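**Student:** I would like to see how this sequence folds:
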Amino acid sequence: MNDFSAHRIQSSGSPGGWRDAEVVPISALQHYAYCPRQCALIHVEQVWDENIYTLRGRRAHGRVDTPKGMTRDGLRTEHALPLFSDALGLAGRADAVEFEADGTPFPVEHKVGSRKKGGLARRADEVQLCAQALCLEEMFERDVPAGALYYRKSRRRHEVAFSSALRVETQEVIRKTRGLLRVRRLPPPVADARCPRCSLIETCMPYVVERLGDGEPNDETP
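**Tutor:** The predicted model follows:
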């Protein structure tokens, strides 16, 4: 672990004077960007159900969840690096951060399965990765222009440039996620193609709620 980040995480309660309830977990951003109701079930209702996809993800992350550093071919890599942003009220952990020769961090988020061709699922992953970059920029006081999503099944990387548009979108997701965690209200279900693969489908009951007419238009759905 980087000495600076380790000291900073251990010496601070909540980053930037944010109250504990206001600090947004970076992982919640990925959940919110994909489905606000999924985010609320996990981070407000504290619900978690396993399915084949979550089990594969847990196994994949188990290999990078142990803090350690290594240098190979001149490239230093830190695994399970704690992250924070005082400015944004974010906290979390990076699967891996590679440090280029000039010290520029390059975050790498590990994902189970094959490389995603696009769509909302990949965009949610990109938002999560961009949030890690925003934390690294603040922690190391240098620009972080790019990072990568690594898909374990296909063993391929998808490099992500942190464009102005992605940074703005990520900060908007941070704002909306903090609002969701503050009001602690379960959004209506999306009841669309995202639901069949979600491990929380039995708890969420998206189609039952829709048939009962309890769902309201979900303006927060990305």
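**Student:** quick one, strands of the protein?
**Tutor:** For the chain, the strands defined by DSSP state E cover 24-25, 68-72, 75-85, 90-99, 105-111, 146-151, 156-161.
**Student:** what about this structure, any weak spots by pLDDT?
**Tutor:** Scanning the chain with the threshold set as pLDDT under 70 gives 1-16, 49-66, 114-118, 209-222.
**Student:** let's see that with 90 instead.
**Tutor:** Within the chain, the stretches falling below the threshold (pLDDT under 90) are 1-21, 46-75, 111-119, 151-156, 197-199, 202, 207-222.
**Student:** ok, longest helix in it?
**Tutor:** The helix of greatest length in the chain, counted in residues with DSSP state H as the criterion, is given as helix 119-140.
**Student:** adding mean neighbour count, write the strands of the chain out as TSV.
**Tutor:** C-beta: built from backbone N, CA, C; applies to glycine. Formatted as TSV, the entries for the strands of the chain read as follows, by neighbours: other Cβ atoms under 10 Å:
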stretch	mean neighbour count
strand 24-25	22
strand 68-72	10
strand 75-85	20
strand 90-99	21
strand 105-111	22
strand 146-151	20
strand 156-161	14
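**Student:** in a markdown table, list those strands along with distance to residue 183.
**Tutor:** As requested, the strands of the chain are exported to a markdown table (distance: least, Cβ to Cβ, whole Å):
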| stretch | distance to residue 183 |
| --- | --- |
| strand 24-25 | 14 |
| strand 68-72 | 39 |
| strand 75-85 | 22 |
| strand 90-99 | 19 |
| strand 105-111 | 28 |
| strand 146-151 | 31 |
| strand 156-161 | 31 |
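**Student:** among those strands, which is nearest residue 139?
**Tutor:** Using Cβ to Cβ as the criterion, the shortest distance between residue 139 and the strands of the chain is 6.9 Å, found for strand 75-85.
**Student:** let me see the contact set for residue 170.
**Tutor:** For residue 170, the set of contacting residues under the criterion of Cβ atoms under 8 Å, 6 or more residues apart in numbering consists of 29, 127, 130, 131, 134.
**Student:** how many neighbouring residues does residue 43 have?
**Tutor:** Using other Cβ atoms under 10 Å, the number of residues around residue 43 comes to 19.
**Student:** equivalent analysis for residue 133, please.
**Tutor:** Using other Cβ under 10 Å, residue 133 is surrounded by 25 other residues.
**Student:** wait, it touches residue 148, no?
**Tutor:** No: distance between residue 133 and residue 148: 10.9 Å, which falls outside the contact criterion (Cβ atoms under 8 Å).
**Student:** shared neighbours, the two?
**Tutor:** In contact with both residue 133 and residue 148: residue 107, using Cβ under 8 Å, 6+ apart.
**Student:** before we move on, the earlier item: ok, so of the contacts of residue 170, who is nearest residue 201?
**Tutor:** Distance to residue 201, by Cβ to Cβ, is smallest for residue 29 among the contacts of residue 170, at 21.5 Å.
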